[in-house]
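**Student:** fold the following and give me the result.
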Amino acid sequence: MKDERSRILDMLEQGTISADEALRLLEKFENNREAAADSHPQPEKEEPAAGSTPEPDNVRGDFNEGQAEEFEQEQRGGNRQGRPASMDEFLEDVRRDFTVFGSRFMEFMQTAVDKVKTFDIEKPFGEPVTFSQTFVKSAEGIEEIIADLSLGSLEIRVSDSEEFRAECEVKAYRAEDEEEAKREFVERFLFVTDGGKLRISSDRKITQVNIVLHVPEAQYHKLSVRLLSGAFRAEDELTADQIRVRAANGKIDAAGLHFKEAEFETANGTIRVRDAHGEKIEAETMNGKIDIDGMLKDIDARSVNGHVVVTTRDAEAYKIEAGAVSGAVEIYVPQDAGLNGEALSSLGRVDVRLHDVDRSQEQEQFLQKAVRFTKAGGNPDLPPLSVKGEAKTGTVIVGYIGK
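**Tutor:** Alright, predicted model coming up:
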């Protein structure tokens, strides 16, 4: 049974079969084994001859030397390490199953991602008609920017102008010529101002629109961006009370943002936020690295498959939570901040590089490693910075900035 089970797990690990197929095979194998056991009942015991000594049920005269030694260990209640004879094998199977599940899940994720990446998004319907188009709107009274693109990227640049200008690079597919492509694009592309909002929208999935949006320097109330397939980029100290960027397939890269609340989410792509100033930021990706750095008071960053690095330079920060299923987690905090934190990992290491903290608890067990720590300091009128770093298969590091 063990050999058959190992063979199925090897096939799963090598990618020969899927996780569902492996589960079905294991279930079928177990059912067949039980059915075979039921159909072959044990032979009835022979009655001992008169005057002979009955043989114990679990001892037979045809034991070889190795079986006898194993029997003696079982009779003593365990092996030389004090565990039941099968405990080492059981733990090894659990460890292997956990590792295989994690690796196969990540391979499944990567396969799905690779299919998206290798899909000929540039030429799905043949050669495109390529042209440029510019749109301009007055910025007077505009407090919100809302963009929704089915295919294409968005880059925002802050300018000294008093108007919004969208420079569009367009690739139109299934168009007869450039004149027809331009006419259809202008009819379907939305670039309007209404009720204090600038709205940008392109819902045609066979027209790729890469936009460089120049915006006046101002304090905006809200920036909302939704991209189906394309990247987002912003620099030049864009300021908005609320920022929300969601991309299904594309990276997010921003620098110098000022906000009260920000939320970044992508299914496939990296999230990089540098030199940010804000109260609260949330970042989440299914596949990709997360890198957040700035004067931030509340950070929540999570990746299923990717490295997570978060840094706050604000001595008055009050919460950091970072997690990864497959990947390492790194958290960096100011040295003079008061701390109350924990670092946890299932299969990786826990490395708390804080030399002046009190370690209230350290745990080193199978599938669970944890360090809990505290430190007085910072502003006595504020609560200590709450820190939590958690990884399933990777290392968790907590350290001071620059160390």
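**Student:** ok, now which ones touch V158?
**Tutor:** H214, V215, P216, E217, E235, D236, E237, L238 (CB atoms under 8 Å, 6 or more residues apart in numbering). C-beta here means a position set from N, CA and C on the backbone, and glycine is covered the same way.
**Student:** for V225, helix, strand, or coil?
**Tutor:** Recorded secondary structure, V225: strand (DSSP: H, G, I helix; E, B strand; the rest coil).
**Student:** run through the bridge partners of it.
**Tutor:** Counting by DSSP bridges, V225 forms beta bridges with A147, V245.
**Student:** please tell me the pLDDT value assigned to it.
**Tutor:** Listed pLDDT for V225 reads 98.
**Student:** does it touch S153 like I think?
**Tutor:** No - taking contacts as CB atoms under 8 Å, V225 lies outside contact range of S153: 10.3 Å.
**Student:** what touches both of those two?
**Tutor:** F232.
**Student:** more neighbours, these two?
**Tutor:** In this view V225 and S153 are compared by other CB atoms under 10 Å, and V225 has more residues nearby, 23 against 20.
**Student:** check contacts around that one.
**Tutor:** Applying CB under 8 Å, 6+ apart, the residues near V225 are I146, A147, D148, L154, F232, R244, V245, R246.
**Student:** now for T312: which residues touch it?
**Tutor:** Applying CB under 8 Å, 6+ apart, the residues near T312 are G294, M295, L296, K297, I299, I320, Y332, V333, P334, L385.
**Student:** what helices or strands is the helix or strand that contains E184 leaning on?
**Tutor:** If you go by DSSP states H and E, E184 is part of helix 178-188. Other elements packing on helix 178-188 under the criterion 3 or more CB pairs under 8 Å, 6 or more residues apart in numbering; DSSP states H and E are strand 129-138, strand 163-172, strand 207-216.
**Student:** highest average neighbour count across those strands?
**Tutor:** Highest mean neighbour count of the helices and strands packed on helix 178-188: strand 207-216, a mean of 21 (counted as mean count of other CB atoms under 10 Å).
**Student:** quick one: that strand to strand 129-138, angle?
**Tutor:** Angle of strand 207-216 versus strand 129-138, following axes from the mean of the first three to the mean of the last three CA atoms, to 10 degrees, is 30 degrees.
**Student:** strand 207-216 pairs with which strands?
**Tutor:** In the sheet, strand 207-216 lines up with strand 154-159 (parallel), strand 163-172 (antiparallel) (DSSP bridges).
**Student:** name the spans of the protein whose pLDDT lies under the cut-off.
**Tutor:** Across the chain, the ranges flagged by pLDDT under 70 are 1-3, 5, 9-10, 12-23, 27, 30, 33-126, 366, 403.
**Student:** again, only this time at 90
**Tutor:** 1-128, 172-180, 204-206, 235-237, 347-348, 360-368, 377-382, 393, 402-403 (pLDDT under 90).
**Student:** tell me the spacing between the residue nearest to E167 when sequence neighbours are not counted and D358.
**Tutor:** Leaving aside its chain neighbours, E167 sits nearest to V212 (4.5 Å; criterion: CB to CB, 6 or more residues apart in numbering). Distance of V212 to D358, given as CB to CB, to the nearest Å: 52 Å.
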